[in-house]
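Undergrad: The following comprises the amino acid sequence and a computationally predicted model.
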Amino acid sequence: MTMSAGWYLRRLSRMGPREAVGRAGDAVRRRRWRSARPDCPSVTGARFTAVLPAGAIAAVPPDAAKRLIAEADRLMAGHAEYFGVDRDDLADPDWWYDPKTGRRAPSGYAFDVPYRDEDAVGDIKQIWEPSRHQYLTQLAAAYAITGNERYAERVAEHLRSWWTANAPLRGVHWTSGIELGIRLLSWVWIRRLLDGWPGAAGLFEDNPVAVNQIWHHQRWLAAFPSRGSSANNHVIAEAAGQFAAACAFGWFPSSARWRTDALRSLERHLRGNTFGSGLNRELATEYHGLVLELGLAAVAEADAAGVPVPATVRLVLLRMTDALAAIVDGRLRPPRQGDADDGYGLVVDGAGTDRWGSLLATGDAVFGRLAWWPAVTGTDARTPLLSAFIKPTEPSVVRPPSRPGHFADAGLTILRGPGEIWCRCDGGPHGFLSIAAHAHADALSVEVRHDGVEVLADPGTYCYHGQPEWRQYFRSTLGHNTLQLDGGDQSVSGGPFLWTRHAESRVLVADPSGEGVARWCAEHDGYQGSVHRRRVELTAASQELRVVDEVRGPRRAVRLAFHLGPAIAADLVDHRARLTWTRDGEDRSAVLDLPGQLTWRAHRGETDPPLGWYSAGFGRKEPTTTLVGTGYADGVRGFTTVLRFHG
């Protein structure tokens, strides 16, 4: 996908003067760097001292170690899966190759590479992901646990290969700051986990090529921070990676300045990216997880190096952890709100480790769990490794005495009922900053689960670049459990990560703990000339969820969509759908009574245009059933939907 002149104008219109000036300076700097690339300062006597404390590896639970070693052995055999693509070339990877399209990214000066153009480069996510080197942190962790040097030798072989193939400022891996930041964090942990290997120093601090790469990565991040309307999770990854490297690899004349500036940026943007309630302002749950992982990893480096961290950093991470504990369902799964690209901050665990349980376990180790937190039954390797460094602190604030159900600043409400009924109601801002890059047009959407099974599901994200019709669908109003007017979205898209007009929502009623009946009501103004208002009631005694949609304004065409989860089978007759599924070997069922004044039809796996799809993770999609009712809103009668669970 190449960006048109119109896109650049729309993008410019969302910038403030300070951002525009900063980006102009970046453009000048890129031109200057093309021909003026300084050498890394000479480094002598460099040592790595940020080693794991005694007992950290021994604290890794045996089942977590078993999962990690199984993952490492798959990697040693060359096998990995990235975004739905199974790869068997990881024994000797081509760092610029995309197996999905068969294309190889062009070489040359980094800032000339059109990385958004899939026809020229391939799927950039497929190329970038292995070069975050998080699979190498897994191999390094396997070495630390087993002492088997074959893991360490593979790590060294791949790092040397990458450093040779990706000279500073050459090629696609020098185009995006988030990639450099996460890669630096991976290198810090690789060096740490390989510390007992005799070749560790020769791979890193005694290796001029490695030292040169580390210096150029930090120089790049210091020069090109994400700015203004792009200062979302990217800038936190940049700051966390820069800070970690400046602490652990503090071998350069600029290290102290880089460390200070990165910590200042991290503190500022952690606060800026997080609501007071603790939820991430991007309103994209997976980025809440990414930012929390990055923040915890940065604090671990600070405590390892003895660098004081502003109290606000720990406070934000505490609030984020409490908020995560509050919003997960009974199976520890959070909402599927907004964009998700399966991005992690630090990976030292094998497949099958629960990401959200891991974060709550780390939160328990660092901050202490509250009585209302859900129980975490799984294990992970990351928690004992991080908590070996992070100093437990007594919070200086009063934490929630009971489980919050409504987050007013984020407009997110969780209604809960018997049988582990979980319902997320969305009445919050459209997204974060002026471009709301990772937002979806999902105002007033609901997401409903029963004992962890998605009944009314958020379909997910699927893709970012290269497939505009799918990107448009998965972030559209029709692609969510809400109401669409006149065939358009509530908010206006100006590009794959750009919204030029944002629907404004407001919550009118939020009573998640109402006696016998939990209630929520909100409205939005995204359709000019009309207001969509939605009421949701969850009655505990009858296990009944009632959704009432009203449209105030002139007569308009309506489409009301309900996306069923991939485990749900549906039998639609007229305006009633019988839903069935299986959970832990038991048959479950529900009835969905749909508004009778609309004409209902089931859609599944349609492609022209897309409708009836679910994306479990980035790059993966599968057909599922979407029920769509069509008709007209007359400004008088509302549309009532009732979901009744049986048993």
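TA: On my side now, so go ahead.
Undergrad: and the longest helix seen in the chain, what other elements does it pack with?
TA: Ranked by residue count under DSSP state H, the longest helix found in the chain is helix 285-305. On a contact count with 3 or more CB pairs under 8 Å, 6 or more residues apart in numbering; DSSP states H and E, helix 285-305 meets helix 177-193, helix 233-248, helix 255-272, helix 311-327, helix 355-367, helix 382-387. Using the backbone N, CA and C atoms, a C-beta is placed for each residue, glycine as well.
Undergrad: mind listing what R150 touches?
TA: M76 (CB atoms under 8 Å, 6 or more residues apart in numbering).
Undergrad: Assumed it was part of a helix.
TA: Yes - under DSSP: H, G, I helix; E, B strand; the rest coil, R150 sits within a helix.
Undergrad: of all the helices and strands packed on helix 285-305, which lies closest to H217?
TA: Nearest to H217 among the helices and strands packed on helix 285-305 is helix 177-193 (5.0 Å), distances taken as CB to CB.
Undergrad: That closest one - what's its average pLDDT?
TA: When pLDDT is averaged over helix 177-193, the result is 98.
Undergrad: Just give me how far the following helix or strand past it sits from the chain centre.
TA: Moving toward the C-terminus from helix 177-193, the next helix or strand (DSSP states H and E) is helix 200-203. Computed by CA atoms, centre = their mean, to the nearest Å, the chain-centroid distance of helix 200-203 equals 33 Å.
Undergrad: tell me which residues of the helix or strand just after helix 200-203 are tucked away?
TA: Sequence-wise, the next helix or strand downstream of helix 200-203 (DSSP H and E) is helix 208-223. Buried residues in helix 208-223, counting neighbours by 16 or more other CB atoms under 10 Å, are found at 210-222.
Undergrad: which one of these is nearest R576?
TA: R576 has its nearest neighbour among those in L221, at 56.8 Å by CB to CB.
Undergrad: For that closest one, give its distance to Q242.
TA: Between L221 and Q242 the computed distance is 5 Å (CB to CB, to the nearest Å).
Undergrad: got any residues that touch both of the two?
TA: 181, 184, 258, 262.
Undergrad: how much does the longest helix of the chain deviate in direction from helix 233-248?
TA: Angle between the axes of helix 285-305 and helix 233-248 is 20 degrees (criterion: axes from the mean of the first three to the mean of the last three CA atoms, to 10 degrees).
Undergrad: Show me what counts as buried in helix 285-305.
TA: Neighbour counts over helix 285-305 (16+ other CB under 10 Å) mark 285-305 as buried.
Undergrad: Residues in a beta bridge with V85, which ones?
TA: Legend: beta-bridge partners of V85 under DSSP bridges are Y82.
Undergrad: residues contacting it?
TA: Contact partners of V85, counting by CB under 8 Å, 6+ apart, are 99-100, 126, 619.
Undergrad: Check A541 too.
TA: Counting by CB under 8 Å, 6+ apart, A541 has contacts G516.
Undergrad: so it sits in a helix?
TA: No - with three-state DSSP as the criterion, A541 is coil rather than part of a helix.
Undergrad: Going forward, count from 601.
TA: I'll keep to 601 as the first residue from here, and by that count the last item is A1141.
Undergrad: Would you quantify the distance from it to G1116?
TA: For A1141, the distance to G1116 - CB to CB - is 6 Å.
Undergrad: cool, and N1081?
TA: Distance from N1081 to G1116, by CB to CB: 24 Å.
Undergrad: Kindly report the same for P825.
TA: From P825 to G1116 the distance is 51 Å (CB to CB).
Undergrad: who's more crowded, those two?
TA: Taking neighbours as other CB atoms under 10 Å, P825 and G1116 compare with P825 leading, 21 against 9.
Undergrad: residues contacting that one?
TA: Residues counted as contacts of P825 (CB under 8 Å, 6+ apart) are 777, 831, 835, 838-839, 865.
Undergrad: could I get the buried residues of helix 808-823 as TSV with distance to V998?
TA: Formatted as TSV, the buried residues of helix 808-823 follow (distance: CB to CB, whole Å):
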residue	distance to V998
A810	47
V811	47
N812	49
Q813	46
I814	42
W815	45
H816	46
H817	41
Q818	39
R819	43
W820	42
L821	37
A822	38
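Undergrad: Farthest pair within those residues?
TA: A810 and A822 (18.9 Å).
Undergrad: Filter the contacts of V685 down to just the ones in helices.
TA: Per DSSP H, the contacts of V685 map to helices at Q726.
Undergrad: Out of the contacts of V685, flag the one nearest to L1227.
TA: When the contacts of V685 are compared for distance to L1227 (CB to CB), G1219 wins out at 26.2 Å.
Undergrad: How about the backbone phi and psi for the closest one?
TA: Dihedral pair for G1219: phi 80, psi 0, per degrees, to the nearest 10.
Undergrad: For the nearest residue to it once chain neighbours are set aside, which residues are in contact?
TA: In space, and not counting its chain neighbours, G1219 is closest to F683: 2.8 Å by CB to CB, 6 or more residues apart in numbering. F683 makes contact with 700, 723, 725-726, 729, 942, 1217-1220, according to CB under 8 Å, 6+ apart.
Undergrad: for the stretch 1101-1247 of the chain, what are the low-confidence residue spans?
TA: Where the stretch 1101-1247 of the chain drops to pLDDT under 70, the residues are 1247.
Undergrad: try 80 this time
TA: Within the stretch 1101-1247 of the chain, the ranges that satisfy pLDDT under 80 run 1114, 1235-1236, 1247.
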